[in-house]
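[1] sequence first, then the predicted structure, then my questions.
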Amino acid sequence: MTMTQEERQFLSEQVAEKFDWFNRGSRNWSFVFNWSLAASALLSAAAAVVLKITFLQEYLGQDGAKDIAAATAAAATLITALAAGGGFGRKWQANRVSRGRIERLRIALSDPEADAKHIRSELEDIIRKHDEAIIGSPVK
């Protein structure tokens with residue numbers, strides 16, 4: 001059964017809205033996830049370097065160098081804990097997968113013979129699976 005123009009318009013708007021949402025989420029969570037990995041690695045390395053470079057120990061004093069190393073190591077640990085607890089990687093992946101599924105749905109919707117019931121069902125499934133991927137368990 002071919003869908004009406006009103007149904008096609010509504011579904012096209014919904015798919016476009018979800019695509020924009022998942023695309024923004026994919027970009028933003030990718031940035032946060034990759035930034036947190038890089039920042040924690042750099043801070044951890046900086047903590048080790050501060051303790052080994054004699055110039056810094058002479059300039060800052062033995063206690064100053066230890067304090068800076070401890071502070072950078074603590075910052076690295078905090079960033080790692082926030083990234084893990086916040087599920088940054090999982091959120092990035094969920095948005096990326098959902099964006100891909102929406103792109104495929106957009107292609108299906110472009111078919112003149114597309115079935116509105118099937119498109120609606122797929123859109124609902126994408127949203128449900130996205131929510132499950134974000135929270136880590138099935139959505140009731």
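    Cool, got the structure. Numbering: from 1, shown residues only.

[2] quick check: longest helix in this protein by residues?
    Across the chain, the longest stretch assigned as helix under DSSP state H is helix 5-52.

[3] give the next helix or strand downstream of that one.
    As assigned by DSSP states H and E, the chain's next helix or strand after helix 5-52 is helix 54-86.

[4] show me what the very next helix or strand once past that next one is packed up against.
    Beyond helix 54-86 in the direction of the C-terminus, DSSP H and E gives the next helix or strand as helix 88-109. Here helix 88-109 is seen to pack against helix 5-52, helix 116-135 when contacts are counted using 3 or more Cβ pairs under 8 Å, 6 or more residues apart in numbering; DSSP states H and E. All C-beta spots, glycine's among them, are computed from the backbone N, C-alpha and C.

[5] now the angle from the first one to helix 116-135?
    In terms of direction (axes from the mean of the first three to the mean of the last three Cα atoms, to 10 degrees), helix 5-52 departs from helix 116-135 by 20 degrees.

[6] what's the closest of the helices and strands packed on helix 88-109 to Ser110?
    helix 5-52 (9.1 Å; Cβ to Cβ).

[7] keeping just the C-alphas, turn stretch 42-57 into CSV.
    Extracted in CSV, the C-alpha atoms of stretch 42-57 (Å, rounded to 0.1, in the frame of the first residue of the first chain):
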residue,chain,number,x,y,z
LEU,A,42,48.8,12.9,27.9
LEU,A,43,48.3,13.7,31.6
SER,A,44,49.6,10.3,32.7
ALA,A,45,52.7,10.6,30.5
ALA,A,46,53.2,14.2,31.8
ALA,A,47,53.1,12.9,35.4
ALA,A,48,55.9,10.4,34.7
VAL,A,49,58.0,12.9,32.7
VAL,A,50,57.8,15.5,35.5
LEU,A,51,59.3,13.0,37.9
LYS,A,52,62.1,12.0,35.6
ILE,A,53,63.3,15.3,34.2
THR,A,54,66.0,16.7,36.5
PHE,A,55,65.7,20.2,35.1
LEU,A,56,62.1,20.4,36.3
GLN,A,57,63.0,19.0,39.7
